[in-house]
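Visitor: need a structure here:
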Amino acid sequence: MTTQFEPVIGLEIHVQLASKTKLFCTCPNGVGEDTKPNTAVCPVCMGHPGTMPVLTEGAVALAVRAGLSLHCETQKRSSFSRKHYFYPDLPKGYQITQFDEPINGAGYVEITFGPKDNLQKKRIGIHHAHLEEDAAKSSHFADHSLVDFNRSGSPLLEIVSMPDMRSPDEAYAYLTEIKRLMRWVGASNCDMEKGELRVDVNVSLRPVGTEKFGTRTELKNLNSFKAVRDALQFEINRQTEVLNAGGQVKQETRLWDKVECVSRPMRSKEDALDYRYFPEPDLPPLVLKDEWLENIKAGMPEMPSSKEARFMAAGLSAYDAGVLTSSREIADYFETVTKSGKVSLKTASNWIQTDLLGMLHAEKKEIENSPMSAVQLAELLEFVEGGKINRKQAREVFDEIYAHGGKAADIIAKRGMVQVTDEGQLEAWAKEAIAANPKAVADYQKGNKAAIGALVGGVMKLSKGKANPRVISQILAKLLG
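Guide: Numbering: from 1, shown residues only. Okay, here's the model as predicted:
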C-alpha cells in the first residue's frame, strides 16, 4: 500500500554582510572575483600564529539590522566560540563563530506563495541568526587545488529556520523573503553568483497526519533559488520511493548535480558532529549598550510588509503591492512617481510593472540602473492622466526617453502629440464620423456597443491621432443617445 508523505523542510542560510571590512580585521570585505587572489589579506585573516582578532562594529550593526528585519529578539549579550575542523580553507584549524549565545534569538518571517489569483501567507519561524567568519575559497582541479584567502574572515550571518516549510514552493518563497529583507535593510547584497548568499537544505518525510519527524538528508551545492526548488522536489520524490519500497532513508549529506538534476551521496552524517566548541579566549563577550541599540532601531527603514499594507489600503491588489515591494528600490521608485498626487497608484503600478520592469528584465537590469528615472516617468504619466496624450503616444515617448533620455514635455511638443481638448472641435469630428459610418451607427443602436470602436477610429483618423479616445467615446455615446 502506498503511503502519503509530508515533507518537513528547514533551511540554513549564510549571508555575507556588506560591511566595509572583514569581521575581525581591517582588510576590505567583499572584494569580488576581479580582485587578484590573496591580496585583500593580512596576518589576522590568514590565521598567522600570535595574531589577535578585533571585532568590527560595522558588521555587528548589520547583524542587528538583519535580526530586526527577521523579528528576532536582539541579545544584548552574546559571545564567540571556536569551532574546530580541519580543511585547507581554514588556516587556523578552527572557525570563530557564535554557538550557545547568538546575537539574534528567535524570530519569524511571513512568506507569500501560490498562484497570482490564490496567494497564501504563512509564518516561518527563525530559530536564531548568529555571526561567524567565512572560510577561504577553494578551487579544485584534476591534479591540484588552489586557495584564495580574500574571502577568509568575511562576516557571515547564519540564519537557521525552524522546520516549518512543507513544500519546495514554500522554501522558494522563504528564500525570496530572506533575500528581500537582507537587501531592504542594507545588511547584504545577497548575490548568489558571488557567494554572498549560500543555502543548505534539510529535508525529511513523515506520513501525513503524524508529528514525529523522519530521517533527514542535507542538500549542498545549491547555487540558485531554482536549484533549491528542483533539488527539494527530487529529494522528496527519491525519499518517497525509498520509503514506499520498504527501505529506510539514510541520514547523509548529498550534493546536487545541476546538470543531471539529481542528488548524489557526499558523506554520511551523524546526529551531532564533534566540533569541540569552546569559548573564544581572544574575544570578550559582546555587550550592546541600550543607546547604541536604540540608534540602530531608529535608523531602520519602513519595512516591506508595512508598505505593502499601505499600498493595498490605497486600492492596489495584493499581487501588485507584492511586486512593488519586492525590493526597496522598486518601492522607492513607485513612491517617487506617485509623490505629487497627480498620478494614480494604479496607473503608476501598471506602467512600472508592464513597461519599465519588462524592459529592464529583458536587458537584465535592476531598477536602480534604469535609464528612465522616476521623475521622468512621473512627468510622462501626468500627461497621460491629464488626457493630453493617449496610451499609444505615451509608449512612444516612454521608448524615446528610455533609449535617449530627455523630458516628456519636450518630446511631446517636438512630435506635436498634444491632444485636442476643445469640445466643439471634438464634437464636430464625432458628427463627421457618425455621418461617414451609418452601418456602425445602426449596429450600435441595435445594441452592439462594440460598434462604437469603428466610430472612435474614424474620429482618431480625422484628428490625426490628437483626440482622446476616452473623451471621444463619451461624446459619441451622448450623440447616439
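Visitor: list the buried residues in stretch 132-149.
Guide: Neighbour-count burial for stretch 132-149 flags Glu132, Glu133, Asp134, Ala135, Ala136, Lys137, Val147, Asp148, Phe149 (criterion: 16 or more other C-beta atoms under 10 Å). For glycine as for every other residue, the C-beta is placed from the backbone atoms N, C-alpha and C.
Visitor: rebuild the residues you listed as a markdown table, extending it with pLDDT and secondary structure.
Guide: Written out in a markdown table, the entries for the buried residues of stretch 132-149 read as follows (pLDDT from 0 to 100; DSSP: H, G, I helix; E, B strand; the rest coil):
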| residue | pLDDT | secondary structure |
| --- | --- | --- |
| Glu132 | 98 | strand |
| Glu133 | 97 | strand |
| Asp134 | 96 | coil |
| Ala135 | 95 | coil |
| Ala136 | 94 | coil |
| Lys137 | 92 | strand |
| Val147 | 94 | strand |
| Asp148 | 94 | strand |
| Phe149 | 95 | coil |
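Visitor: can you redo these as TSV with distance to Ala106?
Guide: Written out in TSV, the entries for the buried residues of stretch 132-149 read as follows (distance: C-beta to C-beta, whole Å):
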residue	distance to Ala106
Glu132	18
Glu133	24
Asp134	24
Ala135	27
Ala136	32
Lys137	32
Val147	36
Asp148	36
Phe149	35
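Visitor: and of the residues you listed, the nearest to His48?
Guide: In terms of C-beta to C-beta, no member of those lies closer to His48 than Phe149, at 11.1 Å.
Visitor: give me every residue that touches the closest one.
Guide: Pro37, Asn38, Val41, Cys45, Met46, Pro91, Ala136 (C-beta atoms under 8 Å, 6 or more residues apart in numbering).
Visitor: and the two most separated of those?
Guide: Greatest spacing in the contacts of Phe149, by C-beta to C-beta: Pro37 and Pro91 (14.6 Å).
Visitor: got the phi and psi for the most centrally placed residue in the chain?
Guide: With distances taken as C-alpha atoms, centre = their mean, the residue of the chain nearest its centroid is Arg180 (4.0 Å). Backbone torsions for Arg180, taken as degrees, to the nearest 10, come to phi -60, psi -50.
Visitor: thought it was touching Ser326?
Guide: Yes: with contact taken as C-beta atoms under 8 Å, Arg180 and Ser326 are classed as touching, separated by 6.4 Å.
Visitor: buried stuff in stretch 121-132?
Guide: In stretch 121-132, counting by 16+ other C-beta under 10 Å, buried: Lys122, Ile124, Ile126, His127, His128, Ala129, His130, Leu131, Glu132.
Visitor: look up how far Ile330 lies from the residue nearest to the centre of the chain.
Guide: Here the distance between Arg180 and Ile330 works out to 10 Å (C-beta to C-beta, to the nearest Å).
Visitor: what's the answer for Met266, then?
Guide: From Met266 over to Ile330 (counting by C-beta to C-beta), the distance is 38 Å.
Visitor: backbone dihedrals for Leu222, please?
Guide: With angles defined as degrees, to the nearest 10, Leu222 sits at phi -100, psi 110.
Visitor: residue ranges for the strands of the stretch 151-300 of the chain, please.
Guide: 155-161, 197-207, 217-222, 252-257, 262-268, 278-279, 286-287 (DSSP state E, counting those that start in this stretch).
Visitor: return the residues in contact with the nearest residue to Gln233 once chain neighbours are set aside.
Guide: Leaving aside its chain neighbours, Gln233 sits nearest to Pro168 (5.0 Å; criterion: C-beta to C-beta, 6 or more residues apart in numbering). By C-beta under 8 Å, 6+ apart, the contact set of Pro168 is Pro7, Ile9, Val228, Arg229, Asp230, Leu232, Gln233, Ile236.
Visitor: which of those residues ranks first by neighbour count?
Guide: Leu232 (26 neighbours; other C-beta atoms under 10 Å).
Visitor: would you agree that residue is in contact with Val203?
Guide: Yes: using C-beta under 8 Å, Leu232 is in contact with Val203, at 6.0 Å.
Visitor: now do the shared contacts for these two.
Guide: Both Leu232 and Val203 are in contact with Pro7, Ile9, Leu219, where contact means C-beta under 8 Å, 6+ apart.
Visitor: surely the first one is in a strand?
Guide: Yes: the secondary structure assignment for Pro7 places it in a strand, going by DSSP: H, G, I helix; E, B strand; the rest coil.
Visitor: distance-wise, check it relative to Phe398.
Guide: Spatial separation of Pro7 from Phe398 under the definition C-beta to C-beta is 45 Å.
Visitor: quick one: mean pLDDT for stretch 187-206?
Guide: Per-region confidence: stretch 187-206 scores 94 on mean pLDDT.
Visitor: hmm, back to that, out of the contacts of Pro168, who's nearest Leu55?
Guide: Within the set of the contacts of Pro168, Val228 lies nearest Leu55; the separation is 31.8 Å, counting by C-beta to C-beta.
Visitor: where's the nearest residue to that closest one once chain neighbours are set aside relative to Leu156, distance?
Guide: Closest residue in space to Val228, ignoring its immediate chain neighbours: Leu222 at 5.0 Å, by C-beta to C-beta, 6+ apart. Distance, Leu222 to Leu156, by C-beta to C-beta: 16 Å.
Visitor: give me the more crowded residue out of the two.
Guide: When neighbours are counted by other C-beta under 10 Å, Leu222 and Leu156 differ, and Leu156 comes out ahead with 26 against 23.
Visitor: in the sheet, who's paired with that one?
Guide: Gln16, Glu132 (DSSP bridges).
Visitor: could I get the contacting residues of it?
Guide: In this structure, Leu156 makes contact with His14, Val15, Gln16, Leu17, Leu23, Leu131, Glu132, Glu133, Asp134, judged by C-beta under 8 Å, 6+ apart.
Visitor: all helices of the stretch 101-250 of the chain, in order?
Guide: When secondary structure is read from DSSP state H, counting those that start in this stretch, the stretch 101-250 of the chain shows helices at 168-184, 225-244.
Visitor: highest mean neighbour count out of the ones you listed?
Guide: helix 168-184 (a mean of 22; mean count of other C-beta atoms under 10 Å).
Visitor: just grab the bridge partners of the residue nearest to Val228 for me.
Guide: Going by DSSP bridges, Leu222 is paired in beta bridges with Val199.
Visitor: pretty sure it is touching Arg229, no?
Guide: No: using C-beta under 8 Å, Leu222 and Arg229 do not qualify as a contacting pair, with a distance of 9.5 Å.
Visitor: one step back: quick one: the residue nearest to Val228 from Arg166, how far?
Guide: 19 Å.
Visitor: can you confirm Gly10 is in a helix?
Guide: No: counting by three-state DSSP, Gly10 is not part of a helix but strand.
Visitor: neighbours of it, just the number please.
Guide: When neighbours are defined as other C-beta under 10 Å, Gly10 has 23 of them.
Visitor: verify the stated contact: it with Arg166.
Guide: No: at 11.0 Å, Gly10 does not count as touching Arg166 under the criterion of C-beta under 8 Å.
Visitor: for Asn295, what are its contacts?
Guide: Contact partners of Asn295, counting by C-beta under 8 Å, 6+ apart, are absent.
Visitor: same thing but 10 Å
Guide: By C-beta atoms under 10 Å, 6 or more residues apart in numbering, the contact set of Asn295 is Ala61, Lys289.
Visitor: and if you look at the one 5 residues further on?
Guide: Met300 is in contact with Val64, Arg65, Leu68, Ser69, Trp184, Val185, Gly186, counting by C-beta under 10 Å, 6+ apart.
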